[in-house]
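In: Pasting the sequence and the predicted coordinates here, then a few questions.
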Amino acid sequence: MVQKIWFTLVWSYIKLGLFFYSKRITVLGRENIPKKGAVIFAVNHPNGLLDPLYVTTTNSRQNHFLVRAASFKNPLIKKILESLYLMPIYRIRDGIKQLSNNQEIFEKCFNILKKGETLMIFPEGSHHKKRTIRPLSKGFTRIVFGALERYKNLEITVIPVGITYQHSSHFPAKVIVNYGKRITTRAIFETNTPAKSINILKAKVSVQLKELSVHIDDNESYAAILQKLNEAQVDFTEVEKVNKMIKNKLFSTRKSPKKNYLKPLFYLIIVNSCIPFLLWKTTYKKIDEIEFIDTFRFGFNSLLFPLFLSIQGWILSLYFGKMVGFFYVACSAFLLLIYSKFAPTNSKKHIELKEASKSVKP
């Protein structure tokens, strides 16, 4: 009970933080999520830890998460992550000896699904900024079919979830979370050989993910297609429209990026929160993986920005009264909200290609 209360409090705070951080969060297909029963959300993974945050705050189910084991190295961080229903999954790059630890994690997953709860998995196996759905690993199918084999009366519903950002790693964020059609797995498991069952489930999830998010085949045409989309200043969160353009090879004419008339407001926000901004700039230089830029920026915005605004408001209240301090904090939050909701989020020419080339590959 205590853990659920703690999770709900953190969930509510993160949801509020994402509201301030995002220009627009579009959610489609929420009606496809079962209100009860075992569910696995199979999600594409373009943008670090922000991906699970957007998914878990846009549905009413309390989710458990599988994330890479490297996030659990610090003992304090490990306790915090475990308290929020996160579990480590080990990969070959973590060391062959570590892979044996996955069996314990699989056992926990089986138990979670047996209780009719939900599990969030990233079947691509790693994050990557490229606008493409990569080949899926079979790890998530081992969890699905392992639980079905153990519990004969269990049905597990897999919901593919596509996440597409207008341009990840940039503020304000503009994102669509697209919940796909339900895939029931008991019939697949019972009417096919294990190997065929794995291939069928992977194929069903992959096909949906390519429809639920913007997908460009990762071949020699990828760079040219992406450049044409960026030059046309397409709204990537209009997933169906953009995928039709890619399929039919009919691209809009070149457009100029919208001017950011709110840029002076942005500089005012920076001056007003110069200490958090300087701390962020220092941290930014140390981030090795492109996909984690947005994650760290959101963390800084959610924790340091409110903290320093509160301290500054408290100092003002000591000299000018509580009303002045409160008015300062309220106005600062309002200005940030205005910028995040109305600043343009243009497509970035060439930047995505350069960043994608630096991304960590599976």
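Out: It's in.

In: Which residue ranges of the protein form strands?
Out: Per DSSP state E, the chain carries strands over the ranges 22-28, 38-43, 63-68, 86-89, 118-121, 156-165, 173-179, 183-184.

In: Identify the neighbouring strands of the fourth one in the sheet and state each direction.
Out: Taking DSSP bridges as the criterion, strand 86-89 sits next to strand 63-68 (parallel) in its sheet.

In: now the shortest one
Out: When sheet partners are counted by DSSP bridges, strand 183-184 sits next to strand 156-165 (antiparallel).

In: Just give the closest residue to residue 3, not the sequence neighbours.
Out: If the residues on either side of it in the chain are set aside, residue 3 comes closest to residue 83, at 6.2 Å by C-beta to C-beta, 6 or more residues apart in numbering. Any C-beta I mention is one placed from the backbone N, CA and C, and that applies to glycine too.

In: and the one you found, what is it in contact with?
Out: Contacts here follow C-beta atoms under 8 Å, 6 or more residues apart in numbering; on that basis residue 83 touches 3, 6, 7.

In: Report pLDDT for the first one.
Out: Residue-level confidence at residue 3 comes out at 81, pLDDT.

In: gap between it and residue 314?
Out: Taking C-beta to C-beta, to the nearest Å as the measure, residue 3 and residue 314 are separated by 32 Å.

In: burial of residue 243, as a residue count?
Out: 18 (other C-beta atoms under 10 Å).

In: Do I have it right that it meets residue 209?
Out: No: contact status for residue 243 versus residue 209: not in contact, 11.6 Å apart, counting by C-beta atoms under 8 Å.

In: I'd like to know how far residue 226 sits from residue 129.
Out: For residue 226, the distance to residue 129 (C-beta to C-beta) stands at 11 Å.

In: Of all the residues in the lengthiest helix in the chain, which ones are buried?
Out: Of all the segments assigned as helix in the chain under DSSP state H, the longest by residue count is helix 293-320. Residues of helix 293-320 classed as buried: 293-302, 304-306, 308-309, 312-313, 316-317 (neighbour count, 16 or more other C-beta atoms under 10 Å).

In: can you check stretch 271-289 too?
Out: If you call a residue buried by 16+ other C-beta under 10 Å, then stretch 271-289 has these buried ones: 272, 273, 276, 277, 280.

In: Number of residues surrounding the nearest residue to the fourth one once chain neighbours are set aside?
Out: Meaning residue 277. Counting by C-beta to C-beta, 6+ apart, residue 277 lies nearest to residue 270, which is 5.1 Å off, once chain neighbours are set aside. When neighbours are counted by other C-beta under 10 Å, residue 270 registers 13.

In: just checking, residue 270 touches residue 276?
Out: No: contact status for residue 270 versus residue 276: not in contact, 9.3 Å apart, counting by C-beta under 8 Å.

In: residue boundaries of the helices in the stretch 201-350 of the chain?
Out: All helices of the stretch 201-350 of the chain, identified by DSSP state H, counting those that start in this stretch, fall at 222-231, 239-248, 263-272, 274-284, 293-320, 322-342.

In: what does the stretch 1-150 of the chain give?
Out: Under the criterion DSSP H, counting those that start in this stretch, helices of the stretch 1-150 of the chain are mapped to 2-21, 50-56, 75-83, 102-114, 139-150.

In: Highest mean neighbour count across those, which stretch is it?
Out: Burial among the helices of the stretch 1-150 of the chain, expressed as mean neighbours by mean count of other C-beta atoms under 10 Å, is greatest for helix 50-56, which shows a mean of 23.

In: now that helix: how far from the chain's centre is it?
Out: Per C-alpha atoms, centre = their mean, to the nearest Å, the displacement of helix 50-56 from the mean C-alpha position of its chain is 4 Å.

In: can you check stretch 116-131 too?
Out: Chain-centre distance of stretch 116-131: 9 Å, with C-alpha atoms, centre = their mean.

In: same check, this time on stretch 337-347
Out: Relative to where its chain is centred, stretch 337-347 has its mean C-alpha point 19 Å off (C-alpha atoms, centre = their mean).

In: For that stretch, list the C-alpha coordinates in CSV.
Out: Backbone C-alpha positions of stretch 337-347 (Å, rounded to 0.1, in the frame of the first residue of the first chain) are rendered in CSV as follows:
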residue,chain,number,x,y,z
LEU,A,337,3.9,27.5,-19.6
ILE,A,338,3.3,30.2,-22.2
TYR,A,339,6.7,29.4,-23.9
SER,A,340,6.2,25.6,-23.8
LYS,A,341,2.7,25.7,-25.3
PHE,A,342,3.3,28.4,-28.0
ALA,A,343,6.9,28.2,-29.1
PRO,A,344,7.3,26.6,-32.6
THR,A,345,8.7,23.1,-32.9
ASN,A,346,10.2,23.1,-36.4
SER,A,347,11.7,20.1,-38.1
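
In: list the buried ones in that stretch?
Out: 339, 340, 343, 345, 346, 347.

In: Understood, closing this out.
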